[in-house]
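Asks: pasting the structure only:
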């Protein structure tokens, strides 16, 4: 059976043989055994409805075994036999180019070189899933292969509800993930309802089909590390500066590469040997060291000799903070990017337990594992506090470290109840990028050709240079950093999976770059291009401990912006749109919306990109303006001058002295 025939088949006509699973593939940890006997019957019944009754007796036993062994029903038997990867767009069967582009992006998310746990359909973050099971994958790909440009595929948390009549101007796919009734949005609710097969955690770009491997976060991390380093040495000479952090799985694997690009020495701790050595093989980290004393010696040598080395420590991050303090090693700045939005199901591994011991305890005794995590977090925070007392700059990198450490009772709060340390959005991304409208614009060359990516890099660089020559002083630093980034991108070997690129751009930059791409496609210079972004952006996400942590009018706990963003993108020309509960800071802690758009060289694509990209950014700037963020207030003024049809409500500023006298 050919690749195209397998897609068109959907659920097979005959029961396929159980596949041989490669022991070298990184597997998801066993999930909590949270279902009652009756719940397990319901979970199996829910899974069996994808298949004809004649198979039910055999599959029921198999699914119960999966449920008991893994805590979930993944339906491994129905994994595709052909390799899952981002093929050239013409390789996919179908009636719609837009649908083919979506199939390409789905397969990229599940590529074994890209996905964190590909057998379990998890792209990153420990639980960021594209689908709940392989039957959903097969049905979705079949629907996409059959659809026309006058149909829309509706996706309920990985489940393809079906194709519905629409119009050529409607999105081809509308995705929602984890949209729970608010009172059912606690961590154990995810465990239960995901195990039942009725919802999933789509993270941000996992369930939105827009993940492009660690490159997607490398750029944002590079900007963050660069600006954190500038706080230590404003002259830009970062030789000898040391950055300490943790996490090499999924998105966090970007950290050593970003530190390398920024020009600092870095140590990234990782407890999973497969994740650490995978990043080393991919060239994302220079050296893997398993002994803390050897690490200390190597780090001091690199600093003294001005070597820009990235180290992976195969062990627990607490050992690094404590070991460096005991040895008198000064740390210039530090953070953490373990998946603490998911602390008790593989997102954070407690000190004192090996990786395998922790995975066993996680499922065998969840309460004991939670106690171990909280004990570890208290030690973790205490060690950081000792370093910051000596001058280390520490920031929360949006992974819920401060939030979960506070829940553990760690010494992480000030006397007024606020966190002792800032979010990186509060100090860096918010005021320097988001308030000006700069965020993670990304694209994928659907031809799969590296030469197409090279041409798009050159086009983007030309546009950014033009903008830099014309720009007001306040946004010149952002443009300069991104111009340097895209010129150096190929040299830094950032491509994993699809031929993709990311850079930070404002609304004007995104529209100008996209329009230039569309003209190149029309002229036959490059193939079609998919546009997208991370939800970690100006407008896409309402997250009080990350993306909107620099919103101070109280509205950081509301989610109107993300929902409006999702809806507005849908009727302004997006090829697909997504709305998720949960993201990098946790289930129930964030709502985020995303999109994908296919550029095919047409006039319709020109009109759509201008309408949608302008809205996609300025929706968020308008909200930040209303929150009285100074840079956003000036940015929305410029946007209204560019587009006379834009009329935004502006705030009147209140004199603090007036309120001080009143209260």
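Replies: Received it, and whenever you're ready, just let me know what you need. These numbers were taken from a predicted model, which means no experiment stands behind them. Numbers count the residues shown, from 1 in each chain.

Asks: where does residue 191 land in three-state SS?
Replies: Following DSSP: H, G, I helix; E, B strand; the rest coil, the label given to residue 191 is helix.

Asks: assess the claim that it and residue 31 are in contact.
Replies: Yes: contact criterion C-beta atoms under 8 Å: residue 191 and residue 31 qualify, at 6.5 Å. Every residue, glycine included, has its C-beta placed from N, CA and C.

Asks: list the residues that are in contact with both of these two.
Replies: By C-beta atoms under 8 Å, 6 or more residues apart in numbering, residue 191 and residue 31 have these common neighbours: residue 345.

Asks: just checking, what packs against the helix or strand where residue 594 lies?
Replies: Per DSSP states H and E: residue 594 is located in strand 591-599. Contact partners of strand 591-599 among helices and strands, from 3 or more C-beta pairs under 8 Å, 6 or more residues apart in numbering; DSSP states H and E: helix 97-110, helix 507-522, strand 529-533, strand 541-542, helix 560-570, strand 576-581, helix 603-626.

Asks: what strands flank that strand, and is each parallel or antiparallel?
Replies: Strand pairing for strand 591-599, using DSSP bridges, gives strand 529-533 (antiparallel), strand 541-542 (antiparallel), strand 576-581 (antiparallel).

Asks: count of neighbours near residue 120?
Replies: Other residues near residue 120 come to 23 when the count uses other C-beta atoms under 10 Å.

Asks: how about the one 10 residues further on?
Replies: Residue 130 has 29 neighbours, counted by other C-beta under 10 Å.

Asks: that one: what's it in contact with?
Replies: 106, 109-110, 121-123, 137, 158, 202, 206-207, 209.

Asks: now with 6 Å?
Replies: Contacts here follow C-beta atoms under 6 Å, 6 or more residues apart in numbering; on that basis residue 130 touches 109-110, 121, 123, 206.

Asks: with residue 448 instead?
Replies: Per C-beta under 6 Å, 6+ apart, neighbours of residue 448: 88, 499.

Asks: hmm, try it at 7 Å
Replies: Contacts for residue 448 (C-beta atoms under 7 Å, 6 or more residues apart in numbering) come out as 86-88, 499.

Asks: ok, now residue 284?
Replies: Applying C-beta under 7 Å, 6+ apart to residue 284 gives the contacts 214, 253, 256-257.

Asks: and residue 173, by the same measure?
Replies: Counting by C-beta under 7 Å, 6+ apart, residue 173 has contacts 102, 152-153, 155, 576.

Asks: returning to that earlier point: next, the angle from the strand holding residue 594 to helix 603-626.
Replies: Inter-element angle recorded for strand 591-599 and helix 603-626: 150 degrees (by axes from the mean of the first three to the mean of the last three C-alpha atoms, to 10 degrees).

Asks: please report how far residue 260 lies from residue 302.
Replies: Plainly put, residue 260 is 12 Å away from residue 302 if you go by C-beta to C-beta, to the nearest Å.

Asks: rewinding a little: let's have the strands paired with strand 591-599 in TSV, adding mean pLDDT and distance to residue 460.
Replies: Below are those laid out as TSV (pLDDT from 0 to 100; distance: least, C-beta to C-beta, whole Å):
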stretch	mean pLDDT	distance to residue 460
strand 529-533	97	11
strand 541-542	96	24
strand 576-581	97	23
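
Asks: in this structure, which helix or strand is least confident?
Replies: The helix or strand of the chain with the poorest confidence is helix 215-232; it has a mean of 88 (mean pLDDT, DSSP states H and E).

Asks: next, the buried residues of that helix.
Replies: Neighbour counts over helix 215-232 (16 or more other C-beta atoms under 10 Å) mark 215-229, 232 as buried.

Asks: same question, stretch 323-339
Replies: Those would be 323-325, 329, 331-339, for stretch 323-339 by 16+ other C-beta under 10 Å.

Asks: the strands paired with strand 591-599: which one's closest to residue 424?
Replies: Closest approach to residue 424 among these (C-beta to C-beta): strand 541-542, 14.2 Å.

Asks: what comes into contact with that closest one?
Replies: Outside strand 541-542, the residues within contact range by C-beta under 7 Å, 6+ apart are 535, 547-548, 558-559, 561-562, 583, 590-592.

Asks: got any ranges where this protein has weak pLDDT?
Replies: For the chain, the stretches with pLDDT under 70 are 250-251.

Asks: mind listing what the closest residue to residue 261 other than its chain neighbours touches?
Replies: Of all residues not flanking residue 261 in the chain, residue 222 sits nearest, at 5.0 Å (C-beta to C-beta, 6 or more residues apart in numbering). Neighbouring residues of residue 222 by C-beta under 7 Å, 6+ apart: 258, 261-262, 485.

Asks: and if we set it to 10 Å?
Replies: Residue 222 makes contacts with 254-255, 257-262, 481, 484-485, 488, 492, 504, as judged by C-beta atoms under 10 Å, 6 or more residues apart in numbering.

Asks: what of residue 395?
Replies: Applying C-beta under 10 Å, 6+ apart, one finds that residue 395 lies in contact with 224, 228, 231, 333-336, 401-402, 421-428.

Asks: for it, give its distance to residue 129.
Replies: From residue 395 to residue 129 the distance is 28 Å (C-beta to C-beta).

Asks: please apply the same query to residue 285.
Replies: In this view, residue 285 and residue 129 are 26 Å apart by C-beta to C-beta.

Asks: more crowded one of the two?
Replies: Legend: neighbour count by other C-beta under 10 Å for residue 285 and residue 129, higher for residue 129 (30 against 27).

Asks: tell me the phi and psi of that one?
Replies: For residue 129, the backbone dihedrals are phi -100, psi 150 (criterion: degrees, to the nearest 10).

Asks: what does residue 159 give?
Replies: As for residue 159, its main-chain torsions (degrees, to the nearest 10) stand at phi -90, psi 120.

Asks: ditto for the one 5 residues further on
Replies: Reported as degrees, to the nearest 10, the phi and psi values for residue 164 are phi -120, psi 140.

Asks: is it true that it touches residue 154?
Replies: Yes: counting by C-beta atoms under 10 Å, residue 154 is a contact partner of residue 164 at 6.0 Å.

Asks: hey, what's in contact with both of those two?
Replies: Common contacts of residue 164 and residue 154 (C-beta under 10 Å, 6+ apart): residue 174.

Asks: in terms of neighbours, single out the busier of those two.
Replies: For the pair residue 164 and residue 154, the greater number of neighbours falls to residue 154 (17 against 12), based on other C-beta under 10 Å.

Asks: need the three-state assignment for the more buried one.
Replies: Judged by three-state DSSP, the three-state class of residue 154 is strand.

Asks: based on its surroundings, how many neighbours for residue 504?
Replies: Neighbour count of residue 504, defined by other C-beta under 10 Å: 28.

Asks: how about it: what's its closest non-neighbour residue?
Replies: Residue 504 sits nearest to residue 438 (C-beta to C-beta, 6+ apart), 4.6 Å away.

Asks: quick one: the helices in the stretch 251-400 of the chain, in order.
Replies: Along the stretch 251-400 of the chain, counting by DSSP state H, counting those that start in this stretch, helices occupy 255-262, 273-281, 292-304, 317-327, 355-364, 366-388.

Asks: ok, the nearest residue to residue 289 once chain neighbours are set aside to residue 332 distance?
Replies: Counting by C-beta to C-beta, 6+ apart, residue 289 lies nearest to residue 295, which is 4.6 Å off, once chain neighbours are set aside. Residue 295 is 16 Å from residue 332, where distance means C-beta to C-beta.
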